[in-house]
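Student: Next input, structure requested:
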Amino acid sequence: MTEGPRLSCCLTFDFDAMSAWIGSFKSDNLSMISRGEFGPVVGLPRILDLLKRRGIRATFCVPGHTAYAYPTLVKRIHEQGHELVHHGWVHENPADFDRDGEKNNLERGLEALDRAAGVRPNGYRSPAWDFSRNTIDLLLEYGFVYDSSCMGNDFYPYYLRNDDEWSTTQPYVFGESCELVEVPVTWGLDDFPAFEYVPGWNAGLAPPSALEEIWKQDFDYALDNCPGGVYDLTMHPQVIGRGHRMVMLERLIDYFEGREGVVFETLGEYVQRWKANNPLEGWKVANPLYAGNTSRPA
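Tutor: This next block holds a predicted model:
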């Protein structure tokens, strides 16, 4: 785990635009949907300019719906050296679809990213971090190398299991670990819950200083205690792109850069190195809890 940087800092941006309000929130309210426009029109250019000025390559998770709406911006993201990741079709919950429907959404997202930027992504991030029971199998079928939607760790990746089974009446049944790497996420390292006000759903509107404190302390813990780990920070152009939050983000970048042993890189770059250093079979032996090797029949 210690080969390479002491800590990889991965700035990731979910470029949802209008799709989050249409897909996840199922809104017919033009005012609510217009929140998404702030991302491409205002937030994204600010973010790209900041990253270029600081010489940082980041990861952008883009729904197919966004890629069709703003192909020139998606192409600009790619041309500036950032990674593009599949983020669904219209920010839909995969569990709302049967296998064929989820497969169709995967294909539409892939087609949109290919048309906009000529990219076939290696990574996937589920809209709102939701999975169906078919998601892992479909990601393997379509050749994805990694996912960044699950929460089974905080600063270390792990191999996902396929075909876990669960119910309220039987013991948990562990599936087989597969070649799909998980780069874990957490709502605590996401700007949306703290900042975005959604009436009846999310209070939001926290001062940046509150989130800055949380993000710094998680970063410090990872750097001091998780050598070779990854700090996976999730942001949204329509959220983090507000002026006072951009000021906070640049302060955080200053703080991260000031610590020895830290590098900024994309999720894909980190996964490539981690996977090469952690072949699946040996990793399963070293990590029996993830592999499900410690469970016993009831």
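
Student: okay, CA-based contacts and neighbour counts for the rest of this
Tutor: OK.

Student: As a check, name the ranges of all strands in the stretch 151-298 of the chain.
Tutor: 158-162, 176-182, 229-235, 262-264 (DSSP state E, counting those that start in this stretch).

Student: Would you agree L160 is in contact with L180?
Tutor: Yes: judged on Cα atoms under 8 Å, L160 makes contact with L180 at a distance of 5.8 Å.

Student: Identify, out of the strands of the stretch 151-298 of the chain, the most deeply packed stretch.
Tutor: Highest mean neighbour count of the strands of the stretch 151-298 of the chain: strand 229-235, a mean of 24 (counted as mean count of other Cα atoms under 10 Å).

Student: a markdown table for the strands of the stretch 151-298 of the chain, including distance to P63?
Tutor: Formatted as a markdown table, the strands of the stretch 151-298 of the chain follow (distance: least, Cα to Cα, whole Å):
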| stretch | distance to P63 |
| --- | --- |
| strand 158-162 | 23 |
| strand 176-182 | 19 |
| strand 229-235 | 15 |
| strand 262-264 | 24 |
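
Student: who wins for proximity to Y270 among these?
Tutor: strand 229-235 (7.8 Å; Cα to Cα).

Student: who does that closest one touch, helix- and strand-wise?
Tutor: If you count contacts as 3 or more Cα pairs under 8 Å, 6 or more residues apart in numbering; DSSP states H and E, strand 229-235 packs onto strand 7-14, helix 191-195, helix 208-225.

Student: hmm, try it at 7 Å
Tutor: strand 7-14 (3 or more Cα pairs under 7 Å, 6 or more residues apart in numbering; DSSP states H and E).

Student: Looking at per-residue confidence, what score does G4 get?
Tutor: Per-residue pLDDT puts G4 at 77.

Student: Return the residues in contact with it.
Tutor: G228 (Cα atoms under 7 Å, 6 or more residues apart in numbering).

Student: and the gap between it and G261?
Tutor: Distance of G4 to G261, computed by Cα to Cα, to the nearest Å: 9 Å.

Student: same check, this time on A291
Tutor: 30 Å.

Student: Same drill for the two, tell me which one is more crowded.
Tutor: A291 (22 against 15; other Cα atoms under 10 Å).

Student: Helix or strand: which one has C150?
Tutor: In this structure, C150 sits in neither a helix nor a strand according to DSSP states H and E.

Student: Excluding chain neighbours, what is closest to it?
Tutor: P184 (5.3 Å; Cα to Cα, 6 or more residues apart in numbering).

Student: What is the neighbour count of the one you found?
Tutor: 21.

Student: Could you do Y221 as well?
Tutor: Y221, neighbours per other Cα under 10 Å, totals 11.

Student: and if you look at W166?
Tutor: 11.

Student: do the one 4 residues further on as well
Tutor: Q170 has 9 neighbouring residues, counting by other Cα under 10 Å.

Student: For G292, see how far away it is.
Tutor: Taken as Cα to Cα, the span from Q170 to G292 is 16 Å.

Student: How about L211?
Tutor: 35 Å.

Student: And for G143?
Tutor: Taken as Cα to Cα, the span from G143 to G292 is 24 Å.

Student: between these two, who's got more neighbours?
Tutor: G292 (18 against 14).

Student: OK, contacts around the residue nearest to that one when sequence neighbours are not counted?
Tutor: With Cα to Cα, 6+ apart as the criterion, G292 has its nearest non-adjacent residue at 5.4 Å, and that residue is F174. For F174, the contacting residues are D164, E165, G292, by Cα under 7 Å, 6+ apart.

Student: Tabulate those (TSV), appending pLDDT and distance to Q272.
Tutor: Below are the contacts of F174 laid out as TSV (pLDDT from 0 to 100; distance: Cα to Cα, whole Å):
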residue	pLDDT	distance to Q272
D164	95	26
E165	95	29
G292	84	24
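
Student: close enough to count as contact, M246 and Q238?
Tutor: No: if you go by Cα atoms under 7 Å, M246 and Q238 don't touch, sitting 11.2 Å apart.
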